[in-house]
Every structure is written in C-alpha cells, then in structure tokens.
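Visitor: Generate coordinates for the sequence data below:
(chains A and B)
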Protein chains: 2
Amino acid sequence: MALIVQKFGGTSVGTLERIRAVAQRVKQTVERGDAVVVVVSAMSGETNRLVKLAQDLVREPSGREHDVLVASGEQVSVALVAMALQEAGCPARSFLAGQIPIRTDSVHSRARILDVGVDELRAALARGEVPVVAGFQGVDSDGNITTLGRGGSDTTGVAIAAALKADVCEIFTDVDGIYTTDPNIVAAAQKIPRISYEEMLELASLGAKVLQTRSVEFGMKYGVPIHVRSSFDDREGSWVVQEDEAMEQVVVRAVTYERNDARITLMSVPDQPGVAARVFNALSEAEIVVDMIVQNASRDRDMTDLTFTVPKSNTTEALRITELVSSQLGSKAVKADRAISKVSVVGVGMRTHSGVAAKMFSTLSEAGINIQMIATSEIKISVVIDEAYTELAVRLLHTAFGLDGPVAN
Amino acid sequence: MALIVQKFGGTSVGTLERIRAVAQRVKQTVERGDAVVVVVSAMSGETNRLVKLAQDLVREPSGREHDVLVASGEQVSVALVAMALQEAGCPARSFLAGQIPIRTDSVHSRARILDVGVDELRAALARGEVPVVAGFQGVDSDGNITTLGRGGSDTTGVAIAAALKADVCEIFTDVDGIYTTDPNIVAAAQKIPRISYEEMLELASLGAKVLQTRSVEFGMKYGVPIHVRSSFDDREGSWVVQEDEAMEQVVVRAVTYERNDARITLMSVPDQPGVAARVFNALSEAEIVVDMIVQNASRDRDMTDLTFTVPKSNTTEALRITELVSSQLGSKAVKADRAISKVSVVGVGMRTHSGVAAKMFSTLSEAGINIQMIATSEIKISVVIDEAYTELAVRLLHTAFGLDGPVAN
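Guide: Numbers count the residues shown, from 1 in each chain, chains lettered A, B, ... in the order given. Predicted structure coming up:
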C-alpha cells in the first residue's frame, strides 16, 4: 500500500463534470489499495475573477485582504471535491490551510511554507477518509491567511507529500508531462520520462510553466518523487526525481525559451568599482528584477559596456532609472531592445560532457543567428538572440542535441 | 464615544459600488468619533450560487462540506469591504469566524453561537482599525466551519455586539424598518419606531423576515438595542429594545400573516391518552415541524377531532403518515387543506388589556370570515382562515386596532 498525494489544477476541477471525474480517479486509486491525500486548486478562472473584483474595487488592494479574498477560491473547490468523493462512496473531508495547519511566513501573495502539520491528516487517513486539502493557501503565525503565488498548489502538494513522507506526489494537469521543448514550436518534441530535480528547477525558472519552482525545491529537499501527468487519461507522465547515473548520459535534457525580457545596455561607462552597484541598487529599489547581466571587457581605456535584461513590462521604467544613473556616471548612451528572446539548453550531463557550449554556439552561428548575451550555470547555457529567430533556434538546437528521436532516461 | 456594530446584508454589499457606499457610511460613523465593528453577509446571490453548485454536483451534500462551501461567500465580502475601507482612508481588517473566534455547536447549516472571543476585536479597535467580521459563519470545538442558517449574519452582528457590550447593533437592510404590517398589502402600514424584543420575536417566528429569530433572542438575553434601518438613506429605522411602560399602552403593535402552512384534520379519533403522541411522534420522526395544534372537545362519546398545521411543502408526506396512524387508530377520515393562512396580532399591551381576542374575532366575523383554528400566547393571537381572505383580514385588523394612523411608541 502506497501513500499518494494527488494534486489537481484549476482546469482539472474547472466544471462540476470535471470534479466528478477527479472523484472517480481518486476512488480508483483508493480501491487499488493506496491511501490518497488530494490537493486542489481553485476552479479555473475563479482566482482571476476574484483578483479582478479587487482590482475593480480599489487602486491597491492590501496584501492581507487580497489573500483572504483569493483563498476563498480553494475553499469552494475542496468542499465540492469532498462532496463528489462522498457521493462516489469514498469517505472524504476537506481541509483548509488553517485546519492542517500549513504554516507560512507573512509575505502575502508569495508566502513560503515553513511547516506542515501531519496529525490531522494522519487521523483522517486512519479513519479511512481521503483528506482534500486546499492548495495555494497557508496561515502565518498570527493566524492570517496567506497565499503562495501562482502555481502555489503544486508546492502545497509536494510539501504535504514531504511532511507525510508520501511515496509520490502526482501533479495532474492539462498537459501529459514535461517535454524536451515546447511542442507548439517543435513537432518532434518528446515527453521526458524522467528528469532530475535540478534540471526541472532550471526549466521552471526558465519559464516552463508545468511546475512552480518552489514545489521542485521542496521535492529536491525532501526527496519526494513528483509525477507530472494528464488529468484526462491514465498514461504515465514525467517523473521528477533524484539524479542518477543514467541521467548523466544525456547531455541536454531540454531546450527552452523565454520572450518576456528586454535588454538594456549602458554604453561606455567608467570601468571602476561601484558602477554596477549604483545601477542595480536603483533598479532593485524600484522592485525591478534583473535576470542576466553581462559586462564586456573594456574596449576604450577605463571604459566598458554594461548589459542586462529586465521583464519586458518594466522596460520603460528600467530605462528611465538607468538613464538617470547613466547621466550621473557620464555614460555615453543607454539603449533598450525589446525584440529579444532567451534560448537555453539544460541537462545534468553537461557536468561530465564538454563541448556543449561550442556545439550550441556553432549551431546558431551556422544559421546566421547572432548571440547577444551568454549566461551559464553548471547544467544550463542561455543565450539572448533576436526574437525573430526564437523558433528557428529552438528547432535547430533540439535537433543538434539529439532530442528529436525517442528520449532516453 | 459609542461602540457600534454595523451589520450589512447581502444587497448592501451586492455590487462594488454598494461596497464603496458601505465604506463611506462606516467612515462617517468613525469620523463622528464612534468605534465601529462591521459585520457583513455574502454579496447578494452568492450564497444561492454556491448552494446551487452543490445541488447540481451531488444528491445530498454533507452538512460539513456545505458549510465550508457557503462560508466562502462571506470570506469574499469581508476582504472586499476591508479593502474599500482602507482605500477610503479608514484602517480596517477582515476577520473570519475562526479568527475571532465565534464558537458554535456542531449542527451544520443551523449552528448556534456558544461564545464570541473579544480579545482580537478589542486589539484591532485599540489599534484604530475597523474590524470587518464575516457574518453567518462559526467554528465548532474541533475547528470545523459551521453556518448559522439563513439570516445568520443578523445573529453574528447581535452576538458580537453582546460580547463587546456595544451600545447598539445597527442592522442595515433593504427595508427601512419594521412595519405594523406588510406595506404591500396595507398601504396605511406604519413604520414602528420602537418595538420590544418579545414582540419582535413573535413577528420573526410568524414569518416577518427582517431579523433572524435567533438574533432577537440574543439581543433580549444580553440587552443589546437593535436598530433596523435602511442601507440606502440616513433616516431612523426601528429600534428593538427592552419593553417599557409606554409600550404597554399600545394593545396591538403589528398584524402579520403566513401562507406557508397547510392544515390536516383527523376526524373522530378515540378521545384517549396517547393518541396525539402517536400522531406527532410519527411526524417528528419524519422531521416534519408541526405548528398549531387544536383538539376539539368530544362531540360523540369518547371521540374527538384532532387538527394541526404543517409546512405546505410537507403536506403530502404528512398526510401519508397521518393516514397510516389514523387507520391503526380506527379514525373515520383524514382531511388536508392547503388553502389556509394564519393571521396574527402581536403586542405586549395584551398582557394588561382585555378584549383583544373578542375584538379580533368580531372584526373577522362581521366580514364573514370563518375562523378555523385559534392559538394564543401572552402577547399574540393567531387564527387560521381561508387563504382567500388573507389580505382582507389583515387590512380589517390593521384598522380595527388603530394601526392605520401615526404609530405611538
């Protein structure tokens, strides 16, 4: 008998019919002899509806009240899923974050889980009930409701699995797994049977929206196998697990891209200590998140170019701030380019295989694609290119790294 | 400086515009120098929407999950009202039942409040915040969410006022007070400036829907003045208060009617101990609530007629059960009549004034209206008549008891 956490996203509980289907699936798992804890998101569209209510009502909703408001979405779905399970003959009981409790810090709208109580859940399981847990929400030490940010229900699922030492956390979603790249761009994209936590972390932070980054961190920290699979069929999906030797045989696990950044360049700034600090402090005070940063080697004597990327939506403000600092520094000019994209290859095999960067750069260069910026980690290489070449670059790299065929573990 | 609980019903917070109006009204009270605790219902239509979701999903929603589901409606409205107050420059903080806590028994969907915590509310008031409390909901001793039944937010308001020893609980609603009778039937109906708790209790249990019965009981038990008034203007409404001598000068405070009952008669049952018990035990086991009961004096030797009223919606089942018992008792026949109504006059003055019953009966008899059943309490006389005469009877009694003119205290 296994202990399984099954997390269902918003589309999986988006209608009453889908809720009944979720109940049937959970019931099948229970009838197979496994113990199940269910975690659910709000019905699809509900969180957006609630956020819009607040936005239409006031200019700037307080974080505390925003969380009280949107947490009501999961309250509705746990009650409905518990009812559907009971109707299907499967004893069930809903749990809100405060009833478990799922303790978080007090950072509203993007709280971090600190601790998950297990006594109430274990007691319910011992009574033969299926606990149906509200995803996305928590309570802080003062009993205030918090929320974990978009995709937070994934993190709830994995955190509950970690606390209960469950055998697996199944993430049911509207895609059937994690792919070697976006199937909308590359028809030959393959479902990845097994991927390491670290690779998945890179993919999640590079914009693959299958799992919230935090949930992967939790899985890695507590060794919870995560099974990402479709809520519409019974096929195996993708397993996010501890890295093993077989995984290192594959040099590149996936190719990913991100179009949401813009590039800003300060031309000819003094090459002296404190310049970068002044720029990035000013941006940080405006709560603008900088992603890639490249400082070119000096061309002129004592002068350098400083280039970085920011979210496209912050471009105008980032430009304004940078120009202000630039004029104080005596920089020649500031340029912004919104027509960029970041293309990345990810794989733990890079640790033991050389030549990945060279192969990536030559593949792009042979197609006449200019590389504007480069950033690397131990298991990832990212380049910034002209946005127009995004699909082409992704397709070429997917082929070059042997991902078009059936994918090995 | 007074401490005022202001309770706003579903229509008062039914739109974002109405919520802003609520915030303005609360702010005015605060700026006048008073301390305010706000209690709100779910936005109008929301509770019905949630109940329908459950009904469409399953045949019989569990009480526990039903309460988790519908309590989400008040969670939305407290967050929005708190936001609107903050935007209006009035510090505010939402409170769910569990955060106060409002402790109830565990009877889902019609829980009774056992205890209201005051520390959190007092602390918020001391910080200069307006607590915005979710009406209608509670938590039981195991931390399960409960709800208080339709109109339960009134009870939340009065219970909070009682716990905080507030000076008044203002009930803002879509009518501007309590009337001597239904203004839809009698154009001359007058707003009652002051009414005693006991009179209001009779009116509420007779079907006047302005206040939940439980809220009046709370007000009476703890001596909380309740001010029922319109959320659309600033005029005085009706005060529900402790009875005083002036009130006894008025013999009849209000005339009320109820069309939701049906009458069932067992003809010629044996006039012996235990007969009534058999009938009403059987009905009670089927959870059918019996209102009025009349047993006629024996006509035949050792035989009697037994007549009672049940909710119209239970008529068929009540008839079936009664016929079963009747056949066992050897009763002659069972009759049901759905075309009845109950008309009542209510007033604490009846305690000290005689002749009220005589005046009521003669008023009806002069108009040719036959009285089928009579029930009395110390401050109320109810009669059952042919439903067709309802409006006529109400109008005649309203005039006969001097309620058409301006109403005294």
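Visitor: Point out where the stretch 251-400 of chain A drops to low pLDDT.
Guide: A:297-301 (pLDDT under 70).
Visitor: Where do the strands of it begin and end?
Guide: In the stretch 251-400 of chain A, strands defined by DSSP state E, counting those that start in this stretch lie at A:254-258, A:261-270, A:293-295, A:303-311, A:333-337, A:340-346, A:373-377, A:380-386, listed in chain order.
Visitor: Outline the domain layout of chain A.
Guide: A:3-243, A:264-335, A:340-400 (automatic domain parsing).
Visitor: Deepest-packed of those domains, please.
Guide: Stretch with highest mean neighbour count among the domains of chain A: domain A:3-243 (a mean of 21; mean count of other CB atoms under 10 Å in any protein chain shown). (Glycine included, C-beta is placed from N, CA and C.)
Visitor: Out of the strands of the stretch 251-400 of chain A, flag the one nearest chain B.
Guide: strand A:303-311 (26.2 Å; CB to the nearest CB).
Visitor: strands paired with that closest one, and their directions?
Guide: Based on DSSP bridges, the pairing partners of strand A:303-311 within the sheet are strand A:261-270 (antiparallel), strand A:293-295 (antiparallel).
Visitor: ok, and what's touching the first one?
Guide: Yep, that's strand A:261-270 we're talking about. Contacts to strand A:261-270, defined as CB atoms under 8 Å, 6 or more residues apart in numbering or on different chains, come from residues A:275, A:279, A:291-292, A:300, A:302-312, A:314-315, A:318-319, A:322, A:326, A:329-338, A:340-342, A:372-373, A:384.
Visitor: can you check stretch A:111-130 too?
Guide: Residues from elsewhere that reach stretch A:111-130, judged by CB under 8 Å, 6+ apart: A:3, A:26, A:30, A:35-38, A:67, A:82, A:85, A:90-93, A:95, A:99-105, A:131, A:133, A:138, A:140, A:146-149, A:155-156, A:159-160, A:162-164, A:214, A:218.
Visitor: Just tell me which of the strands of the stretch 251-400 of chain A ends up closest to A:Leu403.
Guide: Within those, the stretch nearest A:Leu403 is strand A:254-258; the backing value is 6.8 Å (CB to CB).
Visitor: quick one: that closest one to strand A:303-311, angle?
Guide: An angle of 90 degrees separates the directions of strand A:254-258 and strand A:303-311 when computed by axes from the mean of the first three to the mean of the last three CA atoms, to 10 degrees.
Visitor: Which other helices and strands does strand A:254-258 contact?
Guide: In this structure, strand A:254-258 makes packing contacts with helix A:197-205, strand A:340-346, helix A:390-400, judged by 3 or more CB pairs under 8 Å, 6 or more residues apart in numbering or on different chains; DSSP states H and E.
Visitor: after the first one comes which helix or strand?
Guide: From helix A:197-205 onward toward the C-terminus, using DSSP states H and E, the following helix or strand is helix A:213-222.
Visitor: near chain B at all, the helix or strand that A:Arg49 is a member of?
Guide: According to DSSP H and E, A:Arg49 maps onto helix A:46-57. Yes - counting by CB under 8 Å from any CB of the partner chain, chain B has neighbours in helix A:46-57: A:Leu50, A:Leu53, A:Ala54, A:Asp56, A:Leu57.
Visitor: Please list all residues in contact with the first one.
Guide: Shown here is A:Leu50, whose contacts under the criterion CB under 8 Å, 6+ apart are A:Leu69, A:Val70, A:Ser72, A:Gly73, B:Val76.
Visitor: For the fourth one, give its distance to chain B.
Guide: Read that as A:Gly73. 8 Å (CB to the nearest CB, to the nearest Å).
Visitor: Quick check, pLDDT for that residue.
Guide: Taken from the predicted model, the pLDDT recorded for A:Gly73 is 97.
Visitor: again, but for the second one
Guide: Confidence at A:Val70, expressed as pLDDT, is 97.
Visitor: so what's it closest to, chain neighbours aside?
Guide: Once flanking residues are discounted, A:Val70 sits nearest to A:Leu50: 4.9 Å by CB to CB, 6 or more residues apart in numbering or on different chains.
Visitor: And the last one, by the same measure?
Guide: Nearest-residue entry for B:Val76: A:Ser72, 5.1 Å, with adjacent residues in sequence omitted and distances by CB to CB, 6+ apart.
Visitor: Where does pLDDT dip in the stretch 1-150 of chain A?
Guide: Using pLDDT under 70 as the threshold, the predicted model of the stretch 1-150 of chain A has no low-confidence range.
Visitor: can you pull out the helices in it?
Guide: Chain-ordered helices for the stretch 1-150 of chain A, with DSSP state H, counting those that start in this stretch as the definition, fall at A:16-31, A:46-57, A:63-87, A:119-126.
Visitor: Of those, which is nearest A:Leu403?
Guide: Proximity to A:Leu403 (CB to CB) singles out helix A:16-31 among the helices of the stretch 1-150 of chain A, at 31.0 Å.
Visitor: The closest one vs chain B: in contact?
Guide: Yes - with CB under 8 Å from any CB as the measure, helix A:16-31 is seen reaching chain B through A:Leu16, A:Ile19, A:Arg20.
Visitor: ok, A:Cys312 touching A:Val289?
Guide: Check again: residue A:312 is Lys, not Cys. No - with contact defined as CB atoms under 8 Å, A:Lys312 and A:Val289 do not form a contacting pair (11.9 Å).
Visitor: How far off centre is stretch A:251-266?
Guide: Here stretch A:251-266 shows a centroid-to-chain-centroid distance of 15 Å under the convention CA atoms, centre = their mean, to the nearest Å.
Visitor: same deal with stretch A:268-285?
Guide: Taking the mean C-alpha point of stretch A:268-285 and that of its whole chain, the gap between them comes to 30 Å (CA atoms, centre = their mean).
Visitor: could you dump that stretch to PDB, C-alpha only?
Guide: Output in PDB follows, covering the C-alpha atoms of stretch A:268-285 (Å, rounded to 0.1, in the frame of the first residue of the first chain):
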ATOM      1  CA  SER A 268      30.800  53.300 -22.300                       C
ATOM      2  CA  VAL A 269      30.500  53.500 -18.500                       C
ATOM      3  CA  PRO A 270      33.600  54.100 -16.400                       C
ATOM      4  CA  ASP A 271      35.200  50.700 -15.700                       C
ATOM      5  CA  GLN A 272      35.500  51.200 -12.000                       C
ATOM      6  CA  PRO A 273      34.200  49.700  -8.700                       C
ATOM      7  CA  GLY A 274      30.700  50.700  -7.700                       C
ATOM      8  CA  VAL A 275      29.200  51.400 -11.100                       C
ATOM      9  CA  ALA A 276      27.200  48.200 -11.400                       C
ATOM     10  CA  ALA A 277      26.200  48.600  -7.800                       C
ATOM     11  CA  ARG A 278      24.700  52.000  -8.400                       C
ATOM     12  CA  VAL A 279      22.700  50.800 -11.400                       C
ATOM     13  CA  PHE A 280      21.400  47.600  -9.800                       C
ATOM     14  CA  ASN A 281      20.600  49.200  -6.500                       C
ATOM     15  CA  ALA A 282      18.500  51.800  -8.200                       C
ATOM     16  CA  LEU A 283      16.600  49.100 -10.100                       C
ATOM     17  CA  SER A 284      16.200  47.000  -7.000                       C
ATOM     18  CA  GLU A 285      14.700  49.900  -5.100                       C
END
